[in-house]
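Chemist: Can you look at this prediction? I've put the sequence above it.
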Amino acid sequence: MCGIVGVVSNAPVNQLIYDALLLLQHRGQDAAGIVTQQERKFFMHKAKGMVRDAFRTRNMRSLPGNCGLGQVRYPTAGNAFSEEEAQPFYVNAPFGIVLVHNGNLTNAHALKAELFSTDHRHINTESDSEVLLNVLAHEIGETTRGLPLSPNDVFEAVRKVHRRIKGSYAVIAMIAGHGVLAFRDPFGIRPLCMGVSDGTVMLASESVAMEGTNHKFDRNIQPGEAVFIDLQGQVHARQCADHPVLNPCIFEFVYLARPDSVMDNISVYQARLNLGETLAKRVISTVPPNEIDVVIPIPESSRPSAAQLAQLLGLPYREGFVKNRYVGRTFIMPGQSVRKKSVRQKLNVIASEFKGRNVLLVDDSIVRGTTSKEIVQMARDAGANKVYMASAAPPVRYPNVYGIDMPTSDELVAHNRTVEQIRQIIGCDALIYQDVDGMKKAIGSLNPDIKDFDASCFDGVYVTGDITLEDIERLNASRVGGDENQEDTSRLALPNHED
């Protein structure tokens, strides 16, 4: 998961891209980068850290031009600590292309070998985004054959890219002297949308980047669709995939996206309210509401679900944890040891809300269980009589291969464990999970055009239809964090599902 933005304007775009990246900071905290174009020359700056740390006044002054790209990086593969792997990536031929990418290519290893042996292109990092850039550059070169570039050539190249690469990808690229290209994978797993204002067209991962920069949300980029914005601001669009179908990542609505975003015509906030409503029904079947004194959310993504649950059950809703906003999101911190250290630095309890009470803690999801175990203990230390825990998402039982940092099964507390076994590990008095069908119905009811979601981390069904245990093992080997806590994936079993 990363945050990407692209802009074509009639005015300088460096500050606009910076502001948009701030609004997408929740999608990546490892590195940030911006590239702009002026008179067919690219100007780039990228560095490790948050947006506010990566850019200084001198850096912004060195980014002239009326079109550009930006990215905030959240690493899932490659070296998390290398500035070389920060985006954007650049290739000088044909034309000169820079690219930012949100997602994960599941066949990057095979493509890398193919690029070297057949396309005669060199890949200098372990990033699948550099692989994607070179595939795109090769196909543009094959399509144009030295002739001037037209929008039709761009769309033909994207059509070929779709046929070569597999996995999840939302891409924004800038072609020197021509304009900005954006396209989305044929399943629409990762989000991408477009907004406009006077003299400006913006592309971004989430609508909040547009609304927060005074742009009007225009529409979502459709699965498999490519959009090309020339330097005059004219928008060209075409469907470039053979069999596109919208199966967005459901974890975006559960946790990843900002609640004030609208993704694929679904309000993220309303999706989380709906999850709270269905979760309330699960709670009633496990713990009688009269045995619960107070509902307390675990900041921040769970607040809408917790508030809706409390209202439906007629229970008090209280804030029991204060979040230190200067500590990064623990879910997207590489390395288990870093996550363990950060939990108590990130959250502090308001003891009066816990002392002598039976509390129901509501979280958006439980992935590794590390944070949940710490939080339950914090509640007990604050004097809670009983600590119940409810998750607005189902158990995370399977690796994710589409760009979320949960690929190894041994890191998933729910993998090959019953709910009772998970409860014992976390240490709560009762554990209530959302169910998969309930989650899909709660969110899917907000857009009937979506027939299914990528919910692979919950149900083990990989919507691209090409993931094997060998693929997961290979992706595990390249994931951030190296070999720490690695597990033999031969012990992992994918479920059998009827088509």
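Modeler: That came through fine. All of these numbers come straight from a predicted model, not from anything done at the bench.

Chemist: Relative to its centre, which residue of this structure is most distant?
Modeler: Ranked by distance from the centre of the chain (CA atoms, centre = their mean), the top residue is residue 356, with 38.9 Å.

Chemist: Was I right to think that residue contacts residue 385?
Modeler: Yes - using CB atoms under 8 Å, residue 356 is in contact with residue 385, at 5.7 Å. Placement of C-beta: from N, CA and C, glycine included.

Chemist: So for residue 195, what's the nearest residue that isn't a sequence neighbour?
Modeler: Spatially, and ignoring its direct neighbours in sequence, residue 195 is nearest to residue 210 (3.2 Å; CB to CB, 6 or more residues apart in numbering).

Chemist: ugh, typo on my part, it should be residue 149
Modeler: In space, residue 149 is closest to residue 178, 5.4 Å off (CB to CB, 6+ apart).

Chemist: can you check residue 243 too?
Modeler: residue 186 (6.7 Å).

Chemist: Please apply the same query to residue 343.
Modeler: Per CB to CB, 6+ apart, closest to residue 343 is residue 374, 4.3 Å.

Chemist: What of residue 358?
Modeler: Nearest to residue 358 is residue 386, by CB to CB, 6+ apart, at 4.2 Å.

Chemist: Could you pull up the residues touching that neighbour?
Modeler: By CB atoms under 8 Å, 6 or more residues apart in numbering, residue 386 lies in contact with 291, 358, 359, 429.

Chemist: the strands in the stretch 351-499 of the chain, which residues?
Modeler: 358-363, 386-391, 430-433 (DSSP state E, counting those that start in this stretch).

Chemist: Kindly present those as a markdown table, with separate columns for distance to residue 459.
Modeler: Shown next, in a markdown table, are the strands of the stretch 351-499 of the chain (distance: least, CB to CB, whole Å):
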| stretch | distance to residue 459 |
| --- | --- |
| strand 358-363 | 20 |
| strand 386-391 | 15 |
| strand 430-433 | 13 |
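
Chemist: Need the max-distance pair from the contacts of residue 386.
Modeler: Greatest spatial distance in the contacts of residue 386: 291 and 359, 11.0 Å, computed using CB to CB.

Chemist: Those two: which has the busier surroundings?
Modeler: Looking at residue 291 and residue 359 with other CB atoms under 10 Å, you find the greater number of neighbours at residue 359, namely 26 against 12.

Chemist: Any idea how many residues pack against residue 285?
Modeler: 8.

Chemist: Show me the beta-bridge partners of residue 432.
Modeler: residue 390 (DSSP bridges).

Chemist: If you average pLDDT per helix and strand, which one of the protein comes out bottom?
Modeler: helix 336-346 (a mean of 63; mean pLDDT, DSSP states H and E).

Chemist: Buried residues of whatever helix or strand comes next after it, list them for me.
Modeler: The element immediately downstream of helix 336-346 (helix or strand, assigned by DSSP states H and E) is strand 347-349. The neighbour-count check on strand 347-349 (16 or more other CB atoms under 10 Å) flags 347, 349 as buried.

Chemist: Any chance of the strands of the stretch 351-499 of the chain in JSON lines with distance to residue 317 and mean pLDDT as columns?
Modeler: Output for those, formatted as JSON lines (distance: least, CB to CB, whole Å; pLDDT from 0 to 100):
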{"stretch": "strand 358-363", "distance to residue 317": "9", "mean pLDDT": "98"}
{"stretch": "strand 386-391", "distance to residue 317": "13", "mean pLDDT": "98"}
{"stretch": "strand 430-433", "distance to residue 317": "17", "mean pLDDT": "98"}
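
Chemist: Tell me which of these lies nearest to residue 458.
Modeler: The nearest among these, by CB to CB, is strand 430-433 at 9.8 Å.

Chemist: quick one on the thing from earlier: do I have it right that the residue nearest to residue 149 meets residue 151?
Modeler: No - counting by CB under 8 Å, residue 178 stays clear of residue 151, with 9.1 Å between them.
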